[in-house]
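K.L.:
Predicted model and sequence follow; I will ask about them next.
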Amino acid sequence: MTAAPALASPSLTGRRLVVIGAGSHAGRAIAQAASAAGAELVLAGPDPRKLEWTAAELPGPARTVPVDLADEDSIARLAAEAGELDHLVSTASMAANGPVAGLSHEDIQRAFAAKVIGPLLLAKHLTGRVREGGSLTFFSGVVAWRPAPERAVMATTNGALAFLVQALAVELAPVRVNAISPGVVDTGVWDGMGSDKEAFLRGVAARNPARRVGTAADLVQAVLFAIGNPYVTGTVLHVDGGGRLA
Ligand SMILES: NC(=O)c1ccc[n+]([C@@H]2O[C@H](COP(=O)([O-])OP(=O)(O)OC[C@H]3O[C@@H](n4cnc5c(N)ncnc54)[C@H](OP(=O)(O)O)[C@@H]3O)[C@@H](O)[C@H]2O)c1
């Protein structure tokens, strides 16, 4: 048996991270944590104002680059502006929820762009720029394992992403490729429910084996693990309180 090495430092000093979705919610929290750990950030997302807002609150250096995962040219521009990088994290999502009979083709395509086609194009344009030890981390979601009515597109795109990271981990090796699959997480994305939000979250917590809903910090911790552990690739890390089982 080989001796156990000292635990790797969680420091990201000198590492360049590209965070897509950095303008809001989980992406913003990931950017803040990575910056606090010493990383140099490239903040990407569809809304330049939100990216500037995130950048202004980071303790370390950051550049902002608008990107739309439905537009390959913008992905190519992001790659060119990012230059060499260590890790890419994408929280990108565009929902196409509702009864199948009412779905628009365009909305379905945008949902696939965020979670399937966009990640493939990110791999195409960015992998050659990833430094030794680097990784790509994408966000899937619990509904793939626990489908619900009016969530057919969400279930399918998140499920496809889970298989995509396995395929990319094999093809892009030694670049590591993983997915985080959140359950219901109070990142701020549920705030639009207004006064119904608290009862909704309480109901979810009562059903979850973990008996709670997730926090942005739970997702940040999972991302730092996925990018920091050199023996983790081709994996879906479920951060769902066991919600896919209940
Ligand atoms: N929070 C949960 O309960 C939960 C549950 C299951 C799965 N997830 C998954 O976890 C991830 C993070 O969730 P979240 O709570 O942070 O929700 P969120 O705010 O909806 O995250 C989606 C992100 O995608 C970005 N985005 C939208 N259109 C884009 C485009 N065309 N190109 C690139 N980026 C685009 C958004 O940027 P803007 O804000 O600038 O529009 C936003 O930052 C998502 O993939 C979500 O599906 C979350």
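P.N.:
On my side now, so go ahead.
K.L.:
List of residues touching the longest strand seen in the chain?
P.N.:
Criterion DSSP state E: the longest strand present in the chain is strand 130-139. Defining contact as C-beta atoms under 8 Å, 6 or more residues apart in numbering, one finds that strand 130-139 is touched by 21, 26, 84-93, 115, 119, 122-123, 126-127, 161, 164-165, 168, 172, 174-182, 223, 226-227, 230, 233. The way it works is simple: take the backbone N, C-alpha and C, and place the C-beta from them, glycine included.
K.L.:
Spatially, what comes nearest to the residue nearest to the spatial centre of the chain if we skip its sequence neighbours?
P.N.:
Taking C-alpha atoms, centre = their mean, the centroid of the chain lies closest to T91, which sits 3.0 Å from it. Using C-beta to C-beta, 6 or more residues apart in numbering and skipping the chain neighbours, the partner closest in space to T91 is G21 (3.3 Å).
K.L.:
Tell me the strands beside the longest strand of the chain, with direction?
P.N.:
strand 85-90 (parallel), strand 176-182 (parallel) (DSSP bridges).
K.L.:
tally of neighbours for the residue nearest to T91?
P.N.:
Applying other C-beta atoms under 10 Å, we find 26 residues neighbouring G21.
K.L.:
which helices and strands does the helix of greatest length in the chain pack with?
P.N.:
The single longest helix within the chain, with elements called by DSSP state H, is helix 152-171. If you count contacts as 3 or more C-beta pairs under 8 Å, 6 or more residues apart in numbering; DSSP states H and E, helix 152-171 packs onto helix 105-112, helix 118-126, strand 130-139, strand 176-182.
K.L.:
mind checking which of these is nearest V153?
P.N.:
helix 105-112 (4.8 Å; C-beta to C-beta).
K.L.:
neighbouring contacts of the closest one?
P.N.:
Contacts to helix 105-112, defined as C-beta under 8 Å, 6+ apart, come from residues A70, S93, M94, A95, A96, V153, M154, T157, A160.
K.L.:
Briefly note if it comes near the ligand.
P.N.:
No - Helix 105-112 stays clear of the ligand (C-beta under 6 Å from any ligand atom), getting no nearer than 6.9 Å.
K.L.:
residues of that helix that come out buried?
P.N.:
Of the residues in helix 105-112, D107, I108, R110, A111, F112 count as buried by neighbour count, 16 or more other C-beta atoms under 10 Å.
K.L.:
roughly how far out does it sit from the chain middle?
P.N.:
Helix 105-112 sits 19 Å away from the centroid of its parent chain (C-alpha atoms, centre = their mean, to the nearest Å).
K.L.:
next one: stretch 220-227
P.N.:
So, by C-alpha atoms, centre = their mean, the centroid of stretch 220-227 is 10 Å from its chain's centroid.
K.L.:
before we move on, back to that, which member of the buried residues of helix 105-112 is positioned nearest the ligand?
P.N.:
Lowest distance from the ligand to the buried residues of helix 105-112 (C-beta to the nearest ligand atom) belongs to R110, with 6.9 Å.
K.L.:
tell me the pLDDT at that closest one?
P.N.:
You'll see R110 listed with a pLDDT of 98.
K.L.:
Same question for the one 4 residues further on.
P.N.:
Among the per-residue scores, A114 shows a pLDDT of 98.
K.L.:
What is the burial count for it?
P.N.:
Applying other C-beta under 10 Å, we find 26 residues neighbouring A114.
K.L.:
does A226 really touch A169, like I thought?
P.N.:
No - taking contacts as C-beta atoms under 8 Å, A226 lies outside contact range of A169: 11.5 Å.
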